[in-house]
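1. Please find the sequence and the predicted model below.
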Amino acid sequence: MSARITNEHSRYVYAAIYSVSYPMFSGSTGAPPQYTQVARDENYSSYGGFNYASAY
């Protein structure tokens, strides 16, 4: 699994991957899913221009 973002005009970009699990009987009880962040990457560019972030 991977996520990547690029932007030619932004000074900040952020990419993230989340794992989602559902509790037992969540459909009938309305319990929310559980999110766990697996990977992330962020990048700041002091001059703008081409900027990218990749999470694996």
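-> Okay, I see it.
2. Just give the nearest non-adjacent residue to Ser21, would you?
-> Gln34 (4.9 Å; Cβ to Cβ, 6 or more residues apart in numbering). All C-beta atoms are positioned from the backbone trio N, CA, C, and that covers glycine.
3. residues contacting the one you found?
-> Taking Cβ atoms under 8 Å, 6 or more residues apart in numbering, we find Gln34 in contact with 20-23.
4. Including secondary structure, could the residues you listed go into CSV?
-> What follows is those, written out as CSV (DSSP: H, G, I helix; E, B strand; the rest coil):
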residue, secondary structure
Val20, strand
Ser21, strand
Tyr22, coil
Pro23, coil
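5. ok, Ala53 - how many residues close by?
-> When neighbours are counted by other Cβ atoms under 10 Å, Ala53 registers 19.
6. so it is in which element?
-> Per DSSP states H and E, Ala53 falls inside strand 51-55.
7. gap between that strand and the chain center?
-> 11 Å (Cα atoms, centre = their mean, to the nearest Å).
8. measure the residue nearest to the spatial centre of the chain to Ile5 for me?
-> Nearest to the mean C-alpha position of the chain, counting by Cα atoms, centre = their mean, stands Ala16 at 2.0 Å. Ala16 sits 10 Å away from Ile5, going by Cβ to Cβ, to the nearest Å.
9. Also Ala39?
-> 13 Å.
10. Kindly report the same for Gln34.
-> Relative to Ile5, and taking Cβ to Cβ, Gln34 is found at 25 Å.
11. Can you find the helix or strand in this structure with the smallest mean pLDDT?
-> helix 26-29 (a mean of 84; mean pLDDT, DSSP states H and E).
12. After that one, which helix or strand is next?
-> Taking DSSP H and E, what comes next after helix 26-29 is strand 34-44.
13. in the least confident helix or strand of the chain, what counts as buried?
-> For helix 26-29, burial by neighbour count (16 or more other Cβ atoms under 10 Å) applies to no residue.
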